[in-house]
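**Q** Next comes the sequence, and after it the predicted model I'd like to discuss.
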Amino acid sequence: MKHIISAKQFKDTLILDKVLDLAGHLETSAENGALGEPLRGMVMATLFYEPSTRTRLSFESAMVKLGGSVIGTESAGHFSSVVKGESLRDTIKVVGGYADVIVLRHFEEGSAYEAASVSSVPVINAGDGPGQHPTQALLDMYTIKKELGRLDDLKVAFVGDLMYGRTVHSLAYLLAQRKGVKFFFVSPEDIRMRRDFITHLDGWGVPYLELSNLMEIIREVDVLYVTRIQKERFRSMEDYERIKDVYSINKDVISKMKEKSIIMHPLPRVNELNEEIDDDNRAVYFKQAKNGLYVRMALLTILLKWELDDRNYKIDKYMGSGEQE
Ligand code: CP
């Protein structure tokens, strides 16, 4: 029995490629009306202690489209027995009796790992505070491969909130495992990339540059990955107000980008991406959100049905246990 807690579980490129292959297969099957109902009779519980549109609804849609059912609460902090003082650990032990898999979003870093440690069914981390968002990283990788045809030899600029943006932490980890990747970390001083990750990059010999001015490198990038400044993680609203609109990607900015490049964003956006660029063929953030459906279908299939699979997607033995490193 496995959990999906961290992007680190997918550092083996063979495993990652298999997940992406399966997602591609499921996308084609969905388009051809040939998904069948492989998860019929199975139940997925969604426990969301923080707001979500894409992650929760794409997981729920994935489960329903594969023939399964969904139970859960979109505001667990208000509508579950947490209000009465129940701990996360007790909640997970109970919900594991009702569901075959639990998808958890929680405001505390490390909460998904804690949940997995007491769970009788697989736990999927749908975002743990400023920590990790592994399923977002996988759908981001799927999007890059689909749009650019490769995951190696890329120049990737991460722009915005690199300290609190969990999607950045998970995706940068996966990209750092690929050949010929170079990172540009573009942010205000206050919300630079986490130092523990920078130390890892130094150790791995992965090239990177930290800077504040996007225009210095905009012509070089293959992937422009823009993020929202995470208001909810700031202790001081004054600090947030000072930097919240520091980046605003508009037509003028993207006119400097390569013809063959892409603009991504995990969404939701606030002011950092101007709507005037939505029609540019390099702006793939809405396609990226849709890709979440297929990648989450693949992950549910792997966790719940791998032993019955006849397409050689038995990747269980290659996957990490979900333990923190
Ligand atoms: N990208 C993402 O995690 O979006 P939601 O917060 O809407 O789930």
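**A** The structure has been received and is ready for your questions.

**Q** Around the ligand, pick out the residues from the stretch 151-300 of the chain.
**A** Residues of the stretch 151-300 of the chain lying near the ligand by CB under 6 Å from any ligand atom: 266-268. Bear in mind the C-beta positions are built from the backbone N, C-alpha and C, glycine included.

**Q** Now the buried members of those residues.
**A** Neighbour counting by 16 or more other CB atoms under 10 Å classes 266-267 among those as buried.

**Q** Need the residues of the stretch 151-300 of the chain next to the ligand in CSV (columns: pLDDT).
**A** What follows is these, written out as CSV (pLDDT from 0 to 100):
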residue, pLDDT
Pro266, 97
Leu267, 97
Pro268, 94
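
**Q** if we take the residues of the stretch 151-300 of the chain next to the ligand, which one ends up nearest to the ligand?
**A** Pro266 (3.7 Å; CB to the nearest ligand atom).

**Q** for the helix or strand harbouring Ile102, what is the average pLDDT?
**A** For Ile102, the host element (DSSP states H and E) is strand 101-106. Mean pLDDT, strand 101-106: 97.

**Q** Following the chain past it, name the next helix or strand.
**A** Taking DSSP H and E, what comes next after strand 101-106 is helix 111-118.

**Q** re the thing from before, now do the strand holding Ile102 against helix 111-118, angle only.
**A** 140 degrees (axes from the mean of the first three to the mean of the last three CA atoms, to 10 degrees).

**Q** What strands line up against strand 101-106, and which way round?
**A** strand 43-48 (parallel), strand 123-128 (parallel) (DSSP bridges).

**Q** among those, which is the most enclosed?
**A** Mean neighbours per residue, mean count of other CB atoms under 10 Å, is largest over those for strand 123-128, with a mean of 28.

**Q** Tabulate the CA atom coordinates of it in PDB.
**A** Written as PDB, here are the backbone C-alpha positions of strand 123-128 (Å, rounded to 0.1, in the frame of the first residue of the first chain):
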ATOM      1  CA  VAL A 123      -3.300   9.100   1.200                       C
ATOM      2  CA  ILE A 124      -2.600  11.600  -1.600                       C
ATOM      3  CA  ASN A 125      -1.100  15.000  -0.700                       C
ATOM      4  CA  ALA A 126      -3.200  17.700  -2.400                       C
ATOM      5  CA  GLY A 127      -1.000  20.400  -0.900                       C
ATOM      6  CA  ASP A 128       0.400  20.700   2.600                       C
END
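
**Q** Any chance you could list what contacts it?
**A** 3-6, 46, 48, 50, 52, 55-56, 59, 92, 101-106, 108-113, 115-116, 132-136, 166, 299, 303, 322 (CB atoms under 8 Å, 6 or more residues apart in numbering).

**Q** Show the backbone phi and psi for the nearest residue to Pro207 once chain neighbours are set aside.
**A** Distances taken as CB to CB, 6 or more residues apart in numbering put Lys182 closest to Pro207, at 4.7 Å, once the chain neighbours are dropped. Note on Lys182: its backbone torsions stand at phi -130, psi 140 [degrees, to the nearest 10].

**Q** For Gly72, see how far away Lys182 is.
**A** 40 Å (CB to CB, to the nearest Å).

**Q** Can you pick out the residue with more neighbours from those two?
**A** Legend: neighbour count by other CB atoms under 10 Å for Lys182 and Gly72, higher for Gly72 (22 against 18).

**Q** isn't there a strand covering the more buried one?
**A** Yes - under DSSP: H, G, I helix; E, B strand; the rest coil, Gly72 sits within a strand.

**Q** In contact with it, which residues?
**A** 44-48, 56, 60, 103.

**Q** pLDDT wise, what is it at?
**A** pLDDT, read off for Gly72, is 92.

**Q** Who is it paired with across the strands?
**A** Residues in beta-bridge contact with Gly72 (DSSP bridges): Thr46.

**Q** name the helices or strands packed onto the lengthiest helix in the chain?
**A** Longest helix of the chain, by residue count under DSSP state H: helix 285-305. Helix 285-305 sits against helix 13-31, helix 54-65, strand 101-106, helix 134-148, strand 262-264, with contacts defined as 3 or more CB pairs under 8 Å, 6 or more residues apart in numbering; DSSP states H and E.

**Q** how does it look with 10 Å?
**A** Using 3 or more CB pairs under 10 Å, 6 or more residues apart in numbering; DSSP states H and E, the elements in contact with helix 285-305 are helix 13-31, strand 43-48, helix 54-65, strand 101-106, strand 123-128, helix 134-148, strand 223-226, strand 262-264.

**Q** So what touches the last one?
**A** What that stands for is strand 262-264. With contacts defined as CB atoms under 10 Å, 6 or more residues apart in numbering, strand 262-264 is touched by 140, 143-144, 146-148, 156-159, 167, 171, 221-227, 249, 253-254, 257, 273, 277-278, 280-285, 287-288.
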